[in-house]
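Enquirer: Below are the sequence and a predicted model for it; my questions follow.
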Amino acid sequence: MKIALDVAKYFLHRVDREQGDTISQLRLLKLVYYTQVWSLVFRNQPFFGEEVEAWVHGPVVHKVRNAYKDYRKRAIPAPDSDPPQFSPNEQQILEFVWERYGEIGAVRLSKLTHQEQPWKDARAGLRPDEPSRKAISHDAMRSFHLQESPWGHVDAEGEELLELADAFMKLSDSARPKPGTESYRYMQAVLDKAERQDPSYNVIMSERLDDALKSYESDIEMDADDFAAWINAL
């Protein structure tokens with residue numbers, strides 16, 4: 001299991017400063033938070049061991065906040081060290097978070113977390129400006145984003161639905177949710193809806209299958225079970 005500072009350094013390396021992009025402490029903290037969220041959704045396990053706390057301006061990992069607190073609202077520079085190393089499964093989660101949230105500004109990301117139940121529940125009974133270090137539970141993050149989040153709900157349509165379905169298809173076998181779990185049922189529901197309601201999904205899948213068939217060596221024999229496993233891996 002990685003530490004939250006590794007996740008933070010990944011996103012600091014991803015910022016395209018040559019194109020004028022910047023990242024503040026607030027934006028960084030929210031990207032780290034959503035990495036934990038989607039690791040819990042996709043893999044049913046946390047990405048890092050530190051707790052996420054329900055601060056006034058949204059979810060915060062204390063060690064990340066302390067590491068970059070001197071920058072406040074100023075842009076954080078690129079790290080001097082090389083990017084941390086991640087497993088393929090971890091890399092997929094990070095890419096998913098960056099693609100989904102990477103272009104969203106700090107204020108909007110903060111407002112987004114304020115609209116979500118995990119942060120609200122962790123701050124229940126507190127004044128809006130009252131400090132708190134109460135942790136947001138893993139169960140709260142996972143259950144909300146499985147079933148209620150407007151960013152991850154199966155009610156997603158169009159391009160958003162396709163992006164979500166594509167993210168599931170790109171997960172490696174070991175990263176995919178296990179059959180019988182809530183995550184697995186959610187994944188199946190997303191893929192089923194994409195197949196039934198979005199015609200472009202069928203086009204994409206047909207293209208992928210066609211590419212796979214073109215690259216397949218015709219003199220290699222494959223039994224029915226192997227063929228089914230190959231189809232499921234596409």
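Expert: That came through fine. Numbering: from 1, shown residues only.

Enquirer: Mind giving me the packing neighbours of the helix or strand where Arg108 lies?
Expert: Assigned by DSSP states H and E, Arg108 belongs to helix 106-114. The contact analysis (3 or more CB pairs under 8 Å, 6 or more residues apart in numbering; DSSP states H and E) places helix 106-114 against helix 25-43, strand 58-60. The way it works is simple: take the backbone N, C-alpha and C, and place the C-beta from them, glycine included.

Enquirer: quick one: that helix to helix 25-43, angle?
Expert: 40 degrees (axes from the mean of the first three to the mean of the last three CA atoms, to 10 degrees).

Enquirer: Show me the contact partners of helix 106-114.
Expert: Contact with helix 106-114 is made by 24, 26-27, 30-31, 33, 57-59, 101, 104, 119-120, 151, as judged by CB atoms under 8 Å, 6 or more residues apart in numbering.

Enquirer: for the very next helix or strand once past that helix, packing partners?
Expert: Downstream of helix 106-114, the first helix or strand assigned by DSSP H and E is helix 117-122. Contacts defined by 3+ CB pairs under 8 Å, 6+ apart place helix 117-122 against strand 53-55, strand 58-60, helix 138-147.

Enquirer: can you give me the helices for the chain?
Expert: 4-14, 25-43, 62-68, 88-101, 106-114, 117-122, 138-147, 158-170, 182-197, 199-214, 224-233 (DSSP state H).

Enquirer: Show me what counts as buried in the fourth one.
Expert: Which is helix 88-101. Asn89, Glu90, Gln92, Ile93, Leu94, Glu95, Phe96, Val97, Trp98, Arg100, Tyr101 (16 or more other CB atoms under 10 Å).

Enquirer: picking up where we left off before, can you list the helices and strands packed on helix 106-114 in a markdown table and add distance to Asp70 and mean pLDDT?
Expert: A markdown table is the format used below for the helices and strands packed on helix 106-114 (distance: least, CB to CB, whole Å; pLDDT from 0 to 100):
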| stretch | distance to Asp70 | mean pLDDT |
| --- | --- | --- |
| helix 25-43 | 9 | 94 |
| strand 58-60 | 16 | 96 |
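
Enquirer: And the ones you listed: which comes nearest Tyr184?
Expert: helix 25-43 (10.4 Å; CB to CB).

Enquirer: what packs against that closest one?
Expert: Against helix 25-43 (3+ CB pairs under 8 Å, 6+ apart) you get helix 4-14, strand 58-60, helix 62-68, helix 88-101, helix 106-114, helix 138-147, helix 182-197.

Enquirer: could you redo the last one with a cut-off of 7 Å?
Expert: Helices and strands touching helix 25-43, as assessed by 3 or more CB pairs under 7 Å, 6 or more residues apart in numbering; DSSP states H and E, comprise helix 4-14, strand 58-60, helix 62-68, helix 88-101, helix 106-114, helix 138-147.

Enquirer: Please could you give me each C-alpha atom of the first one, formatted as PDB?
Expert: Translated: helix 4-14. Extracted C-alpha coordinates of helix 4-14, given in PDB (Å, rounded to 0.1, in the frame of the first residue of the first chain):
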ATOM      1  CA  ALA A   4      -0.700   9.600   0.400                       C
ATOM      2  CA  LEU A   5       2.400  11.700  -0.300                       C
ATOM      3  CA  ASP A   6       3.300   9.400  -3.200                       C
ATOM      4  CA  VAL A   7      -0.100  10.100  -4.700                       C
ATOM      5  CA  ALA A   8       0.400  13.800  -4.300                       C
ATOM      6  CA  LYS A   9       3.800  13.700  -6.000                       C
ATOM      7  CA  TYR A  10       2.200  11.800  -8.900                       C
ATOM      8  CA  PHE A  11      -0.300  14.600  -9.500                       C
ATOM      9  CA  LEU A  12       2.400  17.200  -9.100                       C
ATOM     10  CA  HIS A  13       4.300  15.500 -11.900                       C
ATOM     11  CA  ARG A  14       1.200  15.300 -14.100                       C
END
